[in-house]
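S.K.: give me a model of this one.
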Amino acid sequence: MNSYFHKLKNNVLIKVSSFNAVGVAVKMITGMISLKIVAVILGPEGLALMGNLRNVLTSIQSAGTVGLYNGIVKYVADFKDDKEELKMVLSTSFVLCFLVTIFLSIWLYIDPFFWNNLVFGTKYSYEFVFKGVAIALPFYTVNMLCLAIINGNSKYKVYIVINIIASIIGLLITVFMVWKYSLEGAFWAIIINPAVSLFITIILYRKELLDFVSFDKPSKKYMIKLSSYAIMALISTTALPAILIKIRNHIIYNEGVAEAGYWEAIQNISAQYMLFITTLLTIYLLPKLTEIKRSKGFKTEVISFYKIILPVFGAVFLVIYVLRNVIIKILFSQEFEVMEPLFLWQLLGDIFKIASLVIAYQFLAKRMFWYYIITELISLTFLYLVSVFLINKYGFVGASIAHCCNYIFYFLLLIVVFRKSFFGPDRSI
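M.R.: Modelled structure (predicted):
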């Protein structure tokens, strides 16, 4: 028994998970406070519109970094001791991101009407939002490049501390802006917060980051290698938000904007607890899978992750489900009580989502380009078609049922793709 606890104490995953839990707890608390304020002051309609902006902003920000975050993490981890190779990777990344960010910023600023109609429709006029995004985008891009370098160097504590401070400052900005300027203030808070994170990153890690700054001539070799990461990331971070916007708009047109707000509310709750797993996958699992060279090691790592993480989340989800009505009253208002049926389907779907993501990160770690593209497109197409069908049949609850169905389907699809690693003999990967 003592040896078991000693083994747990020295398990790197548990160490990282424990420290990550502190960061995620802070982010969850600040996120829930922010959610409560927005729900009470702006109501379901405000939540729905903010959801559309967040989704498109995710796509724009990912495009600004050319989707290179995971690629940079991988190559920084690979070339920690090879300064010349690392310099070529970073030079190529910086130049690509600079060119794309400038192009996007100019487009957003000179044609905000296009973006407004794309995101909010002709019913709303929030062109100022996209001019603000145009100005903030370069700050966000630089911050994501810095965080990728920190992550690739396995500086877990620095990465998590930056997120903790950014979460607290972000809450203060959101509370002030929503209280002072209502919905427009909420939009500005969404735009400002990522840019503010850059200053926190620079203050905490500026000396070390200076060693990685390089604007030499881009390397053709790494332009080709990084392009696969760029396409993989851009598909997931542009296609998924686009699908979510279409699903949300389908609810608005068929059910009403309030119903879209209820669905957005459950998405926000999910986003809070999923922060833990997504952060852990990024800062721990991706670098770990990059280093694994045998299928047995991959299988062992996935099973180890399941044994440690899934029981914890299963227990947490059970508590959330039992206390769902209390959670609605605490986080939202009496107006949101009709969202109670969404919890079961969202929580079941998120269990399978976690199980799927643990496996799917192997696509990024091993640059399995076509496997990633095909499975992602199949999953997104499945999600949209099933969502439309079930929303038409069951109303806004159908969107959460579709979420559950999609991740069960995606998990089974990944098992088929990696069947040789899980069920076949040990081999090189």
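
S.K.: what about stretch 353-372, distance to the chain center?
M.R.: Put simply, stretch 353-372 sits 14 Å off its chain's centre (C-alpha atoms, centre = their mean, to the nearest Å).

S.K.: stretch 74-87: which residues count as buried?
M.R.: Lys74, Tyr75, Val76, Ala77, Asp78, Phe79, Leu86 (16 or more other C-beta atoms under 10 Å). In short, each C-beta sits where N, CA and C put it, glycine included.

S.K.: same question for stretch 163-183.
M.R.: Across stretch 163-183, burial judged by 16+ other C-beta under 10 Å covers 163-167, 169-171, 173-175, 177-178, 183.

S.K.: find the nearest non-adjacent residue to Phe396, please.
M.R.: Nearest residue to Phe396, sequence neighbours excluded (C-beta to C-beta, 6 or more residues apart in numbering): Glu259, at 4.0 Å.

S.K.: separation between that neighbour and Val397?
M.R.: For Glu259, the distance to Val397 (C-beta to C-beta, to the nearest Å) stands at 9 Å.

S.K.: point out where the protein drops to low pLDDT.
M.R.: Across the chain, the ranges flagged by pLDDT under 70 are 1-20, 154, 207-208, 210-216.

S.K.: could you identify the longest helix within it?
M.R.: Secondary structure assigned by DSSP state H gives helix 156-210 as the longest helix of the chain.

S.K.: identify the residues contacting Asp78.
M.R.: When contacts are counted by C-beta atoms under 8 Å, 6 or more residues apart in numbering, Asp78 touches Glu85, Thr290.

S.K.: and the helices in the stretch 1-150 of the chain, which stretches?
M.R.: For the stretch 1-150 of the chain, the helices defined by DSSP state H, counting those that start in this stretch cover 2-9, 12-64, 69-78, 83-110, 112-119, 127-152.

S.K.: verify the contact between Asn268 and Leu35 for me.
M.R.: Yes. Between Asn268 and Leu35 there is a contact under C-beta atoms under 8 Å: 5.3 Å.

S.K.: list residues touching both of these two?
M.R.: Common neighbours of Asn268 and Leu35 (C-beta under 8 Å, 6+ apart) do not exist.

S.K.: and for Leu310, the neighbour number?
M.R.: Using other C-beta atoms under 10 Å, the number of residues around Leu310 comes to 15.

S.K.: mind checking how far it is from Tyr321?
M.R.: Going from Leu310 to Tyr321 by C-beta to C-beta gives 16 Å.

S.K.: same thing with Ser333?
M.R.: Remark: distance between Ser333 and Tyr321 (C-beta to C-beta) = 20 Å.

S.K.: could the buried residues of stretch 74-87 go into JSON lines alongside distance to Phe113?
M.R.: Formatted as JSON lines, the buried residues of stretch 74-87 follow (distance: C-beta to C-beta, whole Å):
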{"residue": "Lys74", "distance to Phe113": "39"}
{"residue": "Tyr75", "distance to Phe113": "39"}
{"residue": "Val76", "distance to Phe113": "40"}
{"residue": "Ala77", "distance to Phe113": "43"}
{"residue": "Asp78", "distance to Phe113": "44"}
{"residue": "Phe79", "distance to Phe113": "44"}
{"residue": "Leu86", "distance to Phe113": "43"}
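
S.K.: which one of those residues is nearest to Thr30?
M.R.: Distance to Thr30 across these (C-beta to C-beta) is lowest for Val76, with 28.6 Å.

S.K.: quick one: contacts for the closest one?
M.R.: Contact partners of Val76, counting by C-beta under 8 Å, 6+ apart, are Leu86, Val89, Leu90, Ala148, Ile149, Asn151, Gly152, Asn153, Phe212.

S.K.: then Gly46?
M.R.: So Gly46 contacts Val38, Ala39, Leu183, Ala186, Gly261 (C-beta under 8 Å, 6+ apart).

S.K.: coming back round to it: tell me which of the helices of the stretch 1-150 of the chain sits nearest to Tyr284.
M.R.: Nearest of the helices of the stretch 1-150 of the chain to Tyr284, taken as C-beta to C-beta: helix 12-64 at 4.7 Å.

S.K.: understood, closing this out.
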